[in-house]
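1. need coordinates for the following:
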Amino acid sequence: MRFLLESHAMFRLSQYIQEIDTPTPVVPSRRPPGPVVIWNLVRRCNLTCKHCYSISADKDFAGELSIAEIFRVMDDLRAFRVPVLILSGGEPLLRPEIFEIAQRAKKMGFYVGLSSNGTLIDTRNIDAIAACDFNYVGISLDGIEATHDRFRRSQGAFAAALNGMRLCRDRGLKVGARFTMTQDNAHDLPALLRLIEEEGIARFYFSHLNYAGRGNKNRRDDAHYRMTREAMDLLFETCLAARQKGQPREFTTGNNDADGVYFLHWVRRRFPGSAAHIEAKLRQWGGNASGLNVANIDNLGNVHPDTMWWHYTIGNVRERPFSELWSDLSDPLLAELRQRPRPVKGRCGQCAWKEICNGNTRVRAQQLTGDLWAEDPGCYLDDEEIKQFHS
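-> Reported below is the predicted structural model:
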């Protein structure tokens, strides 16, 4: 199932750290049979977090898919050979039929993930959650207690989320922490990584915030880019140390495919003898997969190229099956995103590593400039790092 999950819009850092001392053959890339589908089953949430992309609130939203409609979509997704369903929200545990949906998905053969804020996982429902046998439960942490509660705008949210993680861990579920870094919580990353180690949490997912509005400043000196680079250096070293200690934790990153290129530069400095192999493996990975190997269905049934494209709708599953919408390249954005190589401009067009990152997360450029192919303002590589290596 690993190669199926690689299609999700993320960089599997642990896998590439492992390749340094235990290299595996470089084989042709295998495209998953269908996209990973992140499904916002409900928009309602018990929290009002600062960086919520779905703008959720603790109220019912009209027009959401019925359970019968959800089951019909699931049948279509399975027939279309979608391998992975990530059940999200809002807070998916506020969907009354969440356990029925999850159990049906498992019986159908999907890899099923639950994406939760964790605060509603307690002794009253942990048996039902465990009975669903989720392949993965991801719980968001925005830092240590004070920072997390401030971001979540709810005192006690951190304690409740951590309790939920522990309950899942103790019931044998694979559970992980998701951290979206901003300038207001970056200082908590070291302590959060220590917490994950101390608690024996299986996975850590680092998400870059999809910033827009940043100018073309020097990426080595700019405060935000420097903060990002320092965070990535810490993640690389933490992941390496965990492997050297024999700890089986997984580290992944998302929403910035420049991570793969930055990692290659790190390998070149730290393990120069492995750089050529890692470069080949990263080219095999191929970077951003929005609109191809990752898709999003929102609570109203609208289909998007991924969760960061909520302002663009391909169609609605009430009107046409997902399988038809995803296969219809008359949609201009889908057709453009599936070009390879992508016709990126500016620094992205000049970059020697386009085959690794695939032009990165196009939504930032599109929102900032109106041009899908403008250079990505979120790329934190400096001008030297986008050049080809010279021996």
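2. pull the number of nearby residues for the residue lying closest to G301 once chain neighbours are set aside.
-> Counting by Cβ to Cβ, 6 or more residues apart in numbering, G301 lies nearest to V317, which is 4.4 Å off, once chain neighbours are set aside. For the C-beta atoms, the positions are set from N, CA and C on the backbone; glycine is no exception. Residues near V317, counting by other Cβ atoms under 10 Å, number 23.
3. pretty sure V317 is touching E324, no?
-> No - under the criterion of Cβ atoms under 8 Å, V317 makes no contact with E324, lying 9.6 Å away.
4. and the helices in the stretch 251-391 of the chain?
-> 258-270, 275-285, 322-327, 332-337, 346-350, 354-357, 362-369 (DSSP state H, counting those that start in this stretch).
5. ditto for the stretch 101-250 of the chain
-> Under DSSP H, counting those that start in this stretch, the stretch 101-250 of the chain gives helices at 126-132, 145-152, 157-170, 189-199, 223-244.
6. ok, which of those helices comes nearest W373?
-> Proximity to W373 (Cβ to Cβ) singles out helix 223-244 among the helices of the stretch 101-250 of the chain, at 21.5 Å.
7. what about the closest one, distance to the chain center?
-> 17 Å (Cα atoms, centre = their mean, to the nearest Å).
8. could you pull up the mean pLDDT of that helix?
-> Confidence for helix 223-244, expressed as mean pLDDT, is 94.
9. give me the pLDDT for the closest residue to D376 other than its chain neighbours.
-> Leaving aside its sequence neighbours, D376 sits nearest to N360 (Cβ to Cβ, 6+ apart; 4.2 Å). For N360, the pLDDT comes out at 94.
10. number of nearby residues for N360?
-> 30.
11. contacts only, for it.
-> Under the criterion of Cβ atoms under 8 Å, 6 or more residues apart in numbering, the neighbours of N360 are N256, D257, A258, G287, N288, C348, D376, G378, C379.
12. neighbours of the last one, how many?
-> Counted with other Cβ under 10 Å, residues neighbouring C379 total 28.
13. so, low pLDDT: which residues of the stretch 151-300 of the chain?
-> 210-223 (pLDDT under 70).
14. for V303, give me its contacts.
-> V303 makes contact with A295, N296, I297, T313, I314, G315, N316, V317, F322, L325, W326 under the criterion Cβ under 8 Å, 6+ apart.
15. got the contact list for A352?
-> A352 touches I386, K387, Q388, counting by Cβ under 8 Å, 6+ apart.
16. same thing but 6 Å
-> K387, Q388 (Cβ atoms under 6 Å, 6 or more residues apart in numbering).
17. and the one 4 residues further on, by the same measure?
-> If a contact means Cβ under 6 Å, 6+ apart, then I356 has G260, V261, L282, R283, G287 as its contacts.
18. try G286
-> N358.
19. could you redo the last one with a cut-off of 7 Å?
-> S29, N358 (Cβ atoms under 7 Å, 6 or more residues apart in numbering).
20. next one: it from T180, what distance?
-> Using Cβ to Cβ, to the nearest Å, we find G286 at a distance of 24 Å from T180.
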